[in-house]
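Q: Quick one, structure for this:
(one chain, ligands or ions: 2)
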Amino acid sequence: MLHSPRALRLRSRSPARRRFSFSLHSLSFPFKMATSKAQPESNSRVLILGAGNFGSCLAEHLGDSDHRVFLWAREQSVVEHFNATRKHLKYLPSHTFSSNVSAVGPALPDAAFINSMDVLLFAIPTQFLRDNLTKLQPALSDKTKLPLLIFVNKGIEIGTDALTLEIIADTCGADVAKAATFISGPSFAKEIVLRRPTSVSVVSFTEAEADKTAALFHQPHFRCYTGSDPVGVELSGALKNVYAIAAGKCILYTRTADEFMASSMLLTSPKNTVIITRGLAEMTCIGTAYGASPLTFLGLAGVGDLFLTCSSSSSRNYTVGYRLGQGETLETIIATLGSVAEGVSTAKSVRNLVTQLGVQAPIAERVYEVLYEGACGRVVHFAGVNDVPGKSTGDAVAELMALPPSREIELATIGRPAEKLLHRLGM
Ligand SMILES: NC(=O)c1ccc[n+]([C@@H]2O[C@H](COP(=O)([O-])OP(=O)(O)OC[C@H]3O[C@@H](n4cnc5c(N)ncnc54)[C@H](O)[C@@H]3O)[C@@H](O)[C@H]2O)c1
Ligand SMILES: O=P(O)(O)OC[C@H](O)CO
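A: Ligands and ions are numbered 1, 2, ... in the order given. Now for the predicted structure:
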């Protein structure tokens with residue numbers, strides 16, 4: 001029997017958790033900051049910016065919990081079709097959305113509309129966030145009346161190598177960045193709509209904002225665990241996408257003559273155990289050097305999401321790797337994927353970060369080289385023998401295999417990027 005989602009949600013809600021297990025670099029931050037308006041338990045007015053896979057799914061999730069949800073879509077046809085049929089033209093096309101979800105757009109909502117919201121949820125791919133926040137900034141200028149600000153994108157901005165926290169600080173100021181909350185973790189959009197059990201990390205520099213976000217989202221099939229390391233959670237979500245491309249790409253080698261080499265390196269059982277384990281080590285090294293807590297990478301947003309994304313053909317990033325392995329070009333894959341795979345752009349920033357931080361991340365570097373310097377999925381017949389100029393997937397594997405022995409994990413806590421960021425935020 002299906003209980004009413006709201007009844008279940010209210011019944012299962014645990015007392016607000018007040019104790020955070022970790023503060024960035026074990027510091028506590030006794031600063032004054034803007035926090036959002038008090039949130040009602042239900043009937044919040046929520047504007048979701050970005051009506052793609054995830055924005056649409058989260059609209060349904062919150063609509064399910066008795067909130068009044070507005071979904072901003074950039075396409076007139078999506079807005080009209082949604083409001084006429086309660087169906088989305090592109091994502092979940094056969095699903096009928098809750099009656100308390102409606103679409104707005106295609107223009108960005110104006111300041112009066114924004115100011116009537118309790119919650120703004122950004123489900124826009126990372127590369128487009130700066131532009132949209134710049135346009136919305138005037139509506140967010142009164143720091144005493146900020147809505148709850150939630151970000152679910154998982155990527156790093158190319159060109160600047162900025163985390164979302166920095167993009168928010170650049171466009172809307174330090175107070176808004178400090179109040180922002182980030183949701184990340186193993187969560188496929190469609191599975192949330194199907195009410196499959198999902199658990200996520202919900203983090204903010206401002207504990208009260210993370211608590212409000214958790215209360216807003218928490219349902220029996222959607223558990224929220226709060227935390228205070230947005231830098232680590234952001235890096236986790238962005239980096240796991242790069243390793244998912246590597247994991248998808250492994251499939252190539254089951255059918256080629258260099259199977260032996262690949263299988264000894266990558267295709268143990270389960271197939272991508274080594275990618276996941278070494279990927280986690282690389283993520284933790286990069287994150288710790290950046291200034292995040294190594295523990296964050298052991299959480300839902302870290303190993304949890306890495307494991308899911310590296311193991312599932314439902315993942316767009318894994319699919320990119322898989323299709324590269326089938327011999328398709330990156331251009332064709334991007335043009336036909338129908339949805340964003342953040343790892344493709346994030347691989348560029350990760351390469352810069354790895355160089356800047358001086359850490360070892362050979363898998364991430366090989367992913368970059370295969371995506372941008374190589375044959376993009378052209379099948380090579382023998383490892384190390386390339387049939388086209390540039391880095392092939394076979395060469396990448398051969399290089400990884402040929403690395404000298406090294407320590408399994410070595411964490412350097414340089415922490416300069418995070419320190420710089422905290423300083424900018426006045427923390
Ligand atoms: N799909 C998932 O299961 C999932 C889960 C967790 C996190 N995420 C993250 O959420 C973010 C969005 O993912 P998605 O799956 O919804 O992607 P998507 O490709 O399905 O949708 C992207 C949306 O962004 C919109 N968009 C494109 N260009 C834009 C611009 N210039 N300005 C504003 N909007 C623009 C598109 O119209 C579309 O509605 C990504 O960072 C992704 O990593 C996705
Ligand atoms: O489809 P992907 O690869 O973007 O993964 C979606 C989510 O991040 C999984 O948690």
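Q: Can you give me the distance of the closest residue to residue 94 other than its chain neighbours to residue 415?
A: Spatial nearest neighbour of residue 94, excluding adjacent residues (Cβ to Cβ, 6 or more residues apart in numbering): residue 87 at 7.3 Å. (Glycine included, C-beta is placed from N, CA and C.) According to Cβ to Cβ, to the nearest Å, residue 87 and residue 415 sit 48 Å apart.
Q: Residues of this protein that sit close to ligand 2?
A: Counting by Cβ under 6 Å from any ligand atom, the chain comes close to ligand 2 at 154, 186-188, 241, 244, 305, 308-309, 315-317, 341.
Q: Quick one: distance of stretch 136-153 to the chain centre.
A: Stretch 136-153 sits 20 Å away from the centroid of its parent chain (Cα atoms, centre = their mean, to the nearest Å).
Q: Quick one: end-to-end length of that stretch, please.
A: Taking Cα to Cα, to the nearest Å, stretch 136-153 runs 17 Å from one end to the other.
Q: How many neighbouring residues does residue 84 have?
A: 9 (other Cβ atoms under 10 Å).
Q: That one in helix, strand or coil?
A: Secondary structure assignment for residue 84 (DSSP: H, G, I helix; E, B strand; the rest coil): helix.
Q: Tell me the buried residues in the helix or strand hosting residue 305?
A: Secondary structure from DSSP states H and E places residue 305 in helix 305-311. For helix 305-311, a neighbour-count test (16 or more other Cβ atoms under 10 Å) marks 305, 306, 307, 308, 309, 310, 311 as buried.
Q: My read is that the fifth one contacts residue 245, right?
A: No: taking contacts as Cβ atoms under 8 Å, residue 309 lies outside contact range of residue 245: 9.5 Å.
Q: Between these two, which contacts overlap?
A: Counting by Cβ atoms under 8 Å, 6 or more residues apart in numbering, the shared contacts of residue 309 and residue 245 are 317, 318.
Q: Going by neighbour count, which residues of the top helix by length along the chain are buried?
A: Longest helix in the chain, counting residues (DSSP state H): helix 230-249. By neighbour count with 16+ other Cβ under 10 Å, helix 230-249 contains the buried residues 230-249.
Q: do the same with stretch 87-99
A: 88, 90, 91, 92, 97, 98.
Q: try stretch 328-340
A: Buried residues in stretch 328-340 (16+ other Cβ under 10 Å): 328, 330, 333, 340.
Q: Check those residues one by one and keep those near ligand 1.
A: Okay, of the buried residues of stretch 328-340 touching ligand 1 (Cβ under 6 Å from any ligand atom), that's residue 340.
Q: Pick out the most distant pair among the buried residues of stretch 328-340.
A: Largest separation among the buried residues of stretch 328-340 by Cβ to Cβ: 328 and 340, giving 17.3 Å.
Q: hey, where'd the helices end up in the stretch 251-400 of the chain?
A: Remark: helices assigned in the stretch 251-400 of the chain by DSSP state H, counting those that start in this stretch are 259-265, 273-290, 305-311, 316-325, 330-337, 342-357, 362-372, 393-401.
Q: Tell me how many other residues surround the closest residue to ligand 1 within the stretch 1-150 of the chain.
A: Nearest residue of the stretch 1-150 of the chain to ligand 1: residue 52, at 1.7 Å (Cβ to the nearest ligand atom). Neighbour count for residue 52, taken as other Cβ under 10 Å: 19.
Q: what does the model give it for pLDDT?
A: Looking at residue 52, its pLDDT reads 97.
Q: next one: residue 142
A: Model confidence at residue 142, expressed as pLDDT, equals 88.
Q: likewise the one 3 residues further on?
A: Residue 145 carries a pLDDT score of 88 in this model.
Q: now residue 310
A: So residue 310 comes in at 93 (pLDDT).
Q: one step back: just to be sure, the residue nearest to residue 94 is in a helix?
A: No: Residue 87 is assigned coil when assessed by three-state DSSP, not a helix.
Q: Just to check, it is in contact with residue 81?
A: Yes: with contact defined as Cβ under 8 Å, residue 87 reaches residue 81; the gap is 6.7 Å.
Q: thought residue 322 was touching residue 249?
A: Yes: counting by Cβ under 8 Å, residue 249 is a contact partner of residue 322 at 7.0 Å.
Q: about what we covered before: so which of the buried residues of helix 305-311 comes closest to ligand 1?
A: Taking Cβ to the nearest ligand atom as the measure, ligand 1 lies nearest residue 305 of these, at 8.3 Å.
Q: and the gap between the closest one and residue 152?
A: Applying Cβ to Cβ, the value for residue 305 to residue 152 is 12 Å.
Q: And for residue 82?
A: In terms of Cβ to Cβ, residue 82 sits 20 Å off from residue 152.
Q: and the closest residue to residue 348 other than its chain neighbours, what is it in contact with?
A: Nearest non-adjacent residue to residue 348, counting by Cβ to Cβ, 6+ apart: residue 158, 5.0 Å away. Residues counted as contacts of residue 158 (Cβ under 8 Å, 6+ apart) are 127, 345, 346, 348, 349.
Q: To what extent is residue 148 buried, counted in neighbours?
A: When neighbours are defined as other Cβ under 10 Å, residue 148 has 25 of them.
Q: Test my guess that it contacts residue 209.
A: Yes: at 6.3 Å, residue 148 counts as touching residue 209 under the criterion of Cβ under 8 Å.
Q: coming back round to it: what residues are shared contacts of residue 305 and residue 152?
A: By Cβ under 8 Å, 6+ apart, the residues touching both residue 305 and residue 152 are residue 184.
Q: List the contacts of the spatially closest residue to residue 320 that is not a sequence neighbour.
A: Spatially, and ignoring its direct neighbours in sequence, residue 320 is nearest to residue 341 (4.7 Å; Cβ to Cβ, 6+ apart). The contact partners of residue 341, taken as Cβ under 8 Å, 6+ apart, are 241, 245, 316, 317, 319, 320, 334.
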